[in-house]
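**Student:** Provided below are the primary sequence and the corresponding predicted coordinates.
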Number of protein chains: 2
Amino acid sequence: MLAAREGVEVLIFGPADRIGEVCEGVTVVDSPVSIAKSPEPAAAARSTPDASIVRAAKAVAEGRADALVSAGSTGAALAAGLFNIKRAHGIYRPALAIPLPMPEHPVTLLDVGANADVRPEHLVQFAFMGAALVTMRQGIARPRVGLLSNGTEATRGNELVLETHRLLAERASQTFGLEFVGNVEGTQVANGIADVIVADGFTGNITLKLIEGVSQRLMNVIRDRASSSTRGKVGGILLRPSLRGLRDELDPEGPGGAYLLGLRKLGIIPHGRFTRTGFSNAIRAAAQGVDEDVVGRTIAAMDAAGALRRPPSDAVATVPSS
Amino acid sequence: MLAAREGVEVLIFGPADRIGEVCEGVTVVDSPVSIAKSPEPAAAARSTPDASIVRAAKAVAEGRADALVSAGSTGAALAAGLFNIKRAHGIYRPALAIPLPMPEHPVTLLDVGANADVRPEHLVQFAFMGAALVTMRQGIARPRVGLLSNGTEATRGNELVLETHRLLAERASQTFGLEFVGNVEGTQVANGIADVIVADGFTGNITLKLIEGVSQRLMNVIRDRASSSTRGKVGGILLRPSLRGLRDELDPEGPGGAYLLGLRKLGIIPHGRFTRTGFSNAIRAAAQGVDEDVVGRTIAAMDAAGALRRPPSDAVATVPSS
């Protein structure tokens, strides 16, 4: 309820008897049905209109709320968003974009899990979507966009990345929306070479979770080894003030989750294992995204860059005439 | 030349005038032609019989040397190995397997870059290849093998991983060669949940380089912040003995590079930017792999597990009869 105390009005869809007392600014809409544990979230979101995530998505679609913050499974939130809030015009696929929890060089990675299998034109749109978000959030007029690959050369990549590279190199030279810096390899993700990194949702999800897992593991190993001797313990205590900020910078809960971009309204998808801090940050990010009109400005920027899907009339023109 | 001092006989294929004096046990075979910088390494390896990597691969193929250690581009080494040393019988695709540079839980990851695009049956073979290597190197009778994915549930993954999961679950229950632990997500890679992790070469390469990049970056940030105050500096000095081993454990040069498995002879592929330490470790790993008959025993273990490609007669039987 930290977010509510800052003036954000919050509608909670969930089991009223388990939520209990809430503070001012928070309204509980009793929705005891959950599909968070469903093995088939897309099917469940279609067939369970009473599910709390579906009711929340409908409230956003109908204008009773301005943004969707999920608290359960990402798959269910995606499906509920797609079916109810619906894709924005000109968007092939919504994507999940997240500021990476790494110190010093802010990097936004997308897609971190909305689409496990994509086509090159989807990745091209993700590049422009991510660039528009970073322009708004960080004030960078022409963000540097890199394509995650297994080598920096344009000849490196799987078939998907090779074709996407070709398309992005072609498109980026014709627009001011982004600067395409080419392929970015694993060692470069954390070193500030790009403001936005584009990947399919399978690779992007693995990347995000690897960064979380490796930093967590390393911090724990350092802590454990430091506390294995008195000398180390004293060293650790002396170091603490210098490193105070670091754990926060590495905390996946810091940004509050991923921006779900490409729907007609904004979604924020925190990780299901977040604590109250992460969920508060998610609600704050949603409120700020609404104030800044992230959705409208993303679509406008993509339109200006010619990155929206062409209307069907164009497609028809490419069909052979007989 | 550290490896030579330990009794390994080394043939170096390279420009004799630039290599200069060598110690006992090392023979330089003057090969001034290099394809290390070729943008099309496969084509260059085919069309440049004089290239040092091609001559080295031929020496291995012809029995003048027992294993190949590359010192240039991975692509050129792969192509030279494939064309000259050739695939072992029953192997679809060679793969690069590497012990991950993470502390405490040894994990072997493959493929880290030999095959950017693969089919499910290739990944199934990688699983058995990696398991055989770990059985030999670590003495684990039935290694736990995980499939790198964007979630732990069997329903998570891209199309490639979903199908591979199905095949592995089916195969692993019929064999003692490995224990299939299912999907492994990014956060779990470093936490010891599996002895072997299988991925396509695109995802595996990104994973390996991310681990290197994130740990390097984190260690540098900690060092920089510690040295920003006197208190921090003293803390860092006191901590140093406890953390002495950690930088070594995180050092990508430690294992000497990746095992190139699936050819008729062993290959070790260090990273091109390794220092002499890394190359010495690579030569040592190659010599040890030859002593342990890694190639012969990998194929034997895969044969015992029924993981080798079936002879063509089986394939013919599946062709419709008319």
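**Tutor:** On my side now, so go ahead.
**Student:** could you say which helix or strand contains the closest residue to residue A:109 other than its chain neighbours?
**Tutor:** Once flanking residues are discounted, residue A:109 sits nearest to residue A:197: 4.9 Å by CB to CB, 6 or more residues apart in numbering or on different chains. Every residue, glycine included, has its C-beta placed from N, CA and C. Taking DSSP states H and E as the definition, one finds residue A:197 inside strand A:196-198.
**Student:** chain center to that strand: distance?
**Tutor:** Taking the mean of its C-alpha atoms, strand A:196-198 sits 11 Å from the chain's own mean (CA atoms, centre = their mean, to the nearest Å).
**Student:** that one: what's the following helix or strand?
**Tutor:** Immediately after strand A:196-198, counting by DSSP H and E, sits helix A:201-226.
**Student:** is the next helix or strand after that next one in proximity to chain B?
**Tutor:** From helix A:201-226 onward toward the C-terminus, using DSSP H and E, the following helix or strand is helix A:230-250. Yes: for helix A:230-250, a contact with chain B is found by CB under 8 Å from any CB of the partner chain, at A:231-232, A:234-243, A:246, A:250.
**Student:** now do the buried residues in helix A:230-250.
**Tutor:** If you call a residue buried by 16 or more other CB atoms under 10 Å in any protein chain shown, then helix A:230-250 has these buried ones: A:232, A:235-236, A:238-239, A:242-243, A:246, A:250.
**Student:** could you give the mean pLDDT of the helix or strand that that helix is followed by?
**Tutor:** Following helix A:230-250 in sequence order, the next helix or strand is strand A:258-261 (DSSP H and E). Mean pLDDT, strand A:258-261: 96.
**Student:** and for stretch A:135-146?
**Tutor:** 93.
**Student:** and what of stretch A:238-246?
**Tutor:** 85.
**Student:** how far is it from where the chain is centred?
**Tutor:** So, by CA atoms, centre = their mean, the centroid of stretch A:238-246 is 29 Å from its chain's centroid.
**Student:** now the stretch 201-322 of chain A, which segments are flagged as low pLDDT?
**Tutor:** A:311-322 (pLDDT under 70).
**Student:** cutoff 90 now
**Tutor:** Applying pLDDT under 90 to the stretch 201-322 of chain A flags residues A:218-232, A:234-256, A:271-276, A:301-302, A:304-307, A:309-322.
**Student:** mind checking the pLDDT average for the strand holding residue A:197?
**Tutor:** On average, strand A:196-198 scores 98.
**Student:** adjacent strands (with direction) for that strand?
**Tutor:** strand A:108-110 (parallel), strand A:144-148 (parallel) (DSSP bridges).
**Student:** would you mind finding the most buried of these?
**Tutor:** Comparing the strands paired with strand A:196-198 by mean neighbour count (mean count of other CB atoms under 10 Å in any protein chain shown), strand A:108-110 comes out on top with a mean of 27.
**Student:** helix or strand next in line after it, which one?
**Tutor:** helix A:120-138.
**Student:** the inter-axis angle of that next one versus helix A:201-226?
**Tutor:** 50 degrees (axes from the mean of the first three to the mean of the last three CA atoms, to 10 degrees).
**Student:** hmm, helix A:120-138 touching chain B?
**Tutor:** No: Helix A:120-138 stays clear of chain B (CB under 8 Å from any CB), getting no nearer than 13.1 Å.
**Student:** which elements pack onto that helix?
**Tutor:** strand A:95-99, strand A:108-110, strand A:144-148, helix A:159-172, strand A:196-198, strand A:258-261, helix A:294-304 (3 or more CB pairs under 8 Å, 6 or more residues apart in numbering or on different chains; DSSP states H and E).
**Student:** can you list the ones you listed in JSON lines and add distance to residue A:11?
**Tutor:** Output for the helices and strands packed on helix A:120-138, formatted as JSON lines (distance: least, CB to CB, whole Å):
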{"stretch": "strand A:95-99", "distance to residue A:11": "22"}
{"stretch": "strand A:108-110", "distance to residue A:11": "27"}
{"stretch": "strand A:144-148", "distance to residue A:11": "35"}
{"stretch": "helix A:159-172", "distance to residue A:11": "39"}
{"stretch": "strand A:196-198", "distance to residue A:11": "32"}
{"stretch": "strand A:258-261", "distance to residue A:11": "17"}
{"stretch": "helix A:294-304", "distance to residue A:11": "19"}
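**Student:** now the buried residues of helix A:230-250 as JSON lines including distance to residue B:79?
**Tutor:** Formatted as JSON lines, these follow (distance: CB to CB, whole Å):
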{"residue": "A:232", "distance to residue B:79": "49"}
{"residue": "A:235", "distance to residue B:79": "50"}
{"residue": "A:236", "distance to residue B:79": "49"}
{"residue": "A:238", "distance to residue B:79": "53"}
{"residue": "A:239", "distance to residue B:79": "48"}
{"residue": "A:242", "distance to residue B:79": "48"}
{"residue": "A:243", "distance to residue B:79": "46"}
{"residue": "A:246", "distance to residue B:79": "43"}
{"residue": "A:250", "distance to residue B:79": "40"}
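**Student:** please tell me I have it right and residue A:141 contacts residue A:135.
**Tutor:** Yes: applying CB atoms under 8 Å as the test, residue A:141 and residue A:135 come out as touching, 6.5 Å apart.
**Student:** between the two, who's got more neighbours?
**Tutor:** Each of residue A:141 and residue A:135 has its neighbours counted (other CB atoms under 10 Å in any protein chain shown); residue A:135 has more, 20 against 9.
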